[in-house]
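Peer 1: pasting the sequence and the predicted model now:
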Amino acid sequence: MPRGLAGTFRTIIESGGSISAIVTGEPCQSFPPWPVAHEVGGGAVIPCDYMIETRNQDHVTMLQTALDSMPEKDAMILSVL
């Protein structure tokens, strides 16, 4: 998972929510907007969709704030069902 989401994911899980990932593609080396493999935060990218279950609306706000602050935000989409 991207480092920018780790804290929010932890909060959701500790509050009784759940998070799972569905892999949507083959792993590959990190590429822009992610750091390149030899930089801090670089390495493998595993394309996936995160399924997040929570009853707390504040978690949605936290997720959006976290995504907005990430350099890779243009490669990620938050959909609320």
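Peer 2: Noted; the coordinates are in hand. Numbering: from 1, shown residues only.
Peer 1: quick one, phi psi at residue 51?
Peer 2: Here is the backbone geometry of residue 51 (degrees, to the nearest 10): phi -110, psi 110.
Peer 1: tell me the contacts of it?
Peer 2: For residue 51, the contacting residues are 19-22, by Cβ atoms under 8 Å, 6 or more residues apart in numbering. (Each C-beta comes from the backbone N, C-alpha and C, glycine too.)
Peer 1: out of those residues, which are buried?
Peer 2: Among these, those scoring as buried are residue 19 (criterion: 16 or more other Cβ atoms under 10 Å).
Peer 1: so which two of the contacts of residue 51 are the farthest from each other?
Peer 2: 19 and 22 (11.3 Å; Cβ to Cβ).
Peer 1: for my notes, confirm residue 49 occurs in a strand.
Peer 2: Yes: remark: residue 49 belongs to a strand, assigned using DSSP: H, G, I helix; E, B strand; the rest coil.
Peer 1: any idea which helix or strand carries the nearest residue to it once chain neighbours are set aside?
Peer 2: Nearest residue to residue 49 in three dimensions, chain neighbours excluded: residue 22, at 4.8 Å (Cβ to Cβ, 6 or more residues apart in numbering). For residue 22, the host element (DSSP states H and E) is strand 18-23.
Peer 1: tell me the mean pLDDT for the next helix or strand after that strand?
Peer 2: The helix or strand immediately downstream of strand 18-23 is strand 28-29, counting by DSSP H and E. The predicted model gives strand 28-29 an average pLDDT of 84.
Peer 1: list the pairing partners of strand 28-29 within its sheet, with orientation.
Peer 2: Paired neighbours of strand 28-29 in the sheet (DSSP bridges): strand 44-45 (antiparallel).
Peer 1: can you tell me what sits against the strand it pairs with?
Peer 2: Contacts of strand 44-45 (Cβ under 8 Å, 6+ apart): 27-31, 34.
Peer 1: 6 Å - rerun?
Peer 2: With contact meaning Cβ atoms under 6 Å, 6 or more residues apart in numbering, strand 44-45 is reached by 27-28, 30, 34.
Peer 1: nothing else from me, thank you.
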